[in-house]
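**Q** got a sequence here, can you model it:
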Amino acid sequence: MLRRTVLKSLAAAPAAAGYAMYSGCAMSAEGEAGIIEQGVAGIVSDGQRLQLLPEQLQEVTIETGSDYESALVKTVNAINELEESNSSDPRRWLLLDQLYAALARLNETVRSERPDETEEARPQYSSLRKSYQDLFDQCEVRTDKKATVNWYLNRIGADVARSRYRRVEASTGVKWYFIGIAHALEASLNFQGHLHNGDPLTRRTRQVPSGRPKIWNPPSEWESSAEDALSEVMGNDDWSVPHMLYLLEGYNGYAYHKLGINSPYLWSFSGNYSKGKYVRDHVYDPNAVSKQCGAGVLLKEMKRLSWL
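**A** You can find the predicted model right below:
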């Protein structure tokens, strides 16, 4: 039987994170990620004790990584090991459920806040096209983030993940690599969470956008949810780099243009961005730094790999 202390370690992580998020206490997203990482470490330890996970779980070394990066790598790598396992031990599924719950909570702690804005505030693509191309051309991954960016690319480009993105591409017309980028930023690569925001597939979304898909009979598959999440970009026939950047930025909103900074949603982890982000509704912090890899950064590296 799984040790109760280990199972409680993960349950405590979401509770602590939720307290920080909703009670108004000052715990940072980094602090919440650290708590979640401790819970994940307990689950991994249990999996190793039960011989369901290898003693040396394969990890990517991210020497300068944040608690979020460390927790994300550890969680996703453990999930991959368990999903690829041939073990019939029912405790394998219990461990997977716990790890997916941790991944969903981790996604909540770091997912970029979307500032409120009206449709009238949405800038015309024609006015931004050149700046998108210029920023893309000059984009260089920060040296201290190269290992993390490569980790994202390895996960998005893995055969299993790519095949799922390809299936959704076939049904929506949305490019598979665009779907992979959205999956990384909106759901922390969680295939048990909605593409809209990473909320569990067992029910409609709770976070913004809430109540999606409107017709949902859980537990349903990730691909159906992904089709709903991509409904606003289906029918697009312009998959040029500048237009993809425009569409991707739309997931998080265009308010950063008014503030005179490059959106962290696009350019975090590159020389195009240093600091400044919305930390909650209506609250912009000029000193806050995004913990997520930017969509434009991933797109630039995908082009380097000839994926586009």
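**Q** find the nearest non-adjacent residue to the residue most central in space within the chain, please.
**A** The residue lying closest to the centre of the chain (CA atoms, centre = their mean) is residue 188, at 2.5 Å. Distances taken as CB to CB, 6 or more residues apart in numbering put residue 107 closest to residue 188, at 4.0 Å, once the chain neighbours are dropped. Glycine gets a C-beta too; all of them are placed from N, C-alpha and C.
**Q** just the pLDDT at that neighbour, thanks.
**A** With respect to pLDDT, residue 107 scores 80.
**Q** I'd say residue 172 and residue 234 touch.
**A** Yes: Residue 172 is in contact with residue 234 according to CB atoms under 8 Å; the separation is 5.0 Å.
**Q** quick one, which of those two is more surrounded?
**A** Counted by other CB atoms under 10 Å, residue 172 and residue 234 do not tie: residue 172 has more neighbours, with 21 against 12.
**Q** torsion angles phi and psi at the more buried one?
**A** phi -120, psi -20 (degrees, to the nearest 10).
**Q** which ones are touching it?
**A** By CB atoms under 8 Å, 6 or more residues apart in numbering, the contact list for residue 172 reads 226-227, 230, 234.
**Q** look up the pLDDT of it for me, please.
**A** At residue 172, pLDDT is 97.
**Q** how about the helices in the stretch 201-308 of the chain?
**A** 222-229, 241-252, 256-259, 264-267, 295-304 (DSSP state H, counting those that start in this stretch).
**Q** so of those helices, which one's packed in deepest?
**A** Across the helices of the stretch 201-308 of the chain, the average number of neighbours (mean count of other CB atoms under 10 Å) peaks for helix 264-267, which reaches a mean of 26.
**Q** other SSEs contacting that one?
**A** Under the contact definition 3 or more CB pairs under 8 Å, 6 or more residues apart in numbering; DSSP states H and E, helix 264-267 sits against helix 241-252, helix 295-304.
**Q** possible to save these as CSV with mean pLDDT and distance to residue 163?
**A** Putting the helices and strands packed on helix 264-267 into CSV (pLDDT from 0 to 100; distance: least, CB to CB, whole Å) gives the following:
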stretch, mean pLDDT, distance to residue 163
helix 241-252, 96, 21
helix 295-304, 98, 17
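**Q** can I get those helices in TSV with distance to residue 41?
**A** Shown next, in TSV, are the helices and strands packed on helix 264-267 (distance: least, CB to CB, whole Å):
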stretch	distance to residue 41
helix 241-252	31
helix 295-304	27
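**Q** of those, which is nearest residue 45?
**A** Minimum separation from residue 45 across the helices and strands packed on helix 264-267 (CB to CB) falls at helix 295-304, 31.7 Å.
**Q** which residues are contacting stretch 125-138?
**A** With CB under 8 Å, 6+ apart, stretch 125-138 has contacts from 241-243, 245-246, 257, 262, 266-267, 271-272, 296, 299-300.
**Q** what sits closest to residue 216 if chain neighbours are left out?
**A** Excluding the flanking residues, the one nearest residue 216 by CB to CB, 6+ apart is residue 204, at 4.9 Å.
**Q** quick one: the one you found and residue 220 touch, right?
**A** No: if you go by CB under 8 Å, residue 204 and residue 220 don't touch, sitting 10.1 Å apart.
**Q** which neighbours do these two share?
**A** Joint contacts of residue 204 and residue 220 (CB under 8 Å, 6+ apart) do not exist.
**Q** returning to that earlier point: who wins for proximity to residue 55 among the helices of the stretch 201-308 of the chain?
**A** Comparing these by CB to CB, helix 222-229 comes nearest, at 30.8 Å.
**Q** show the average pLDDT along that closest one.
**A** Helix 222-229 shows an average pLDDT of 96 in the prediction.
**Q** list the contacts for residue 267?
**A** Applying CB under 8 Å, 6+ apart to residue 267 gives the contacts 135, 139, 273, 294, 296-297.
**Q** my bad, residue 274
**A** Applying CB under 8 Å, 6+ apart, the residues near residue 274 are residue 289.
**Q** quick one: low-confidence parts of the stretch 51-200 of the chain?
**A** Low-confidence segments of the stretch 51-200 of the chain (pLDDT under 70): 58-65, 111-120.
**Q** and the helices in it?
**A** 67-84, 91-110, 125-138, 146-157, 159-172, 176-187.
**Q** now render these as TSV, adding distance to residue 211.
**A** Converted to TSV, the helices of the stretch 51-200 of the chain look like this (distance: least, CB to CB, whole Å):
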stretch	distance to residue 211
helix 67-84	27
helix 91-110	17
helix 125-138	28
helix 146-157	28
helix 159-172	21
helix 176-187	16
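**Q** hmm, back to that, going by distance to residue 78, which of the contacts of stretch 125-138 wins?
**A** Using CB to CB, the contacts of stretch 125-138 come closest to residue 78 at residue 299, 27.8 Å.
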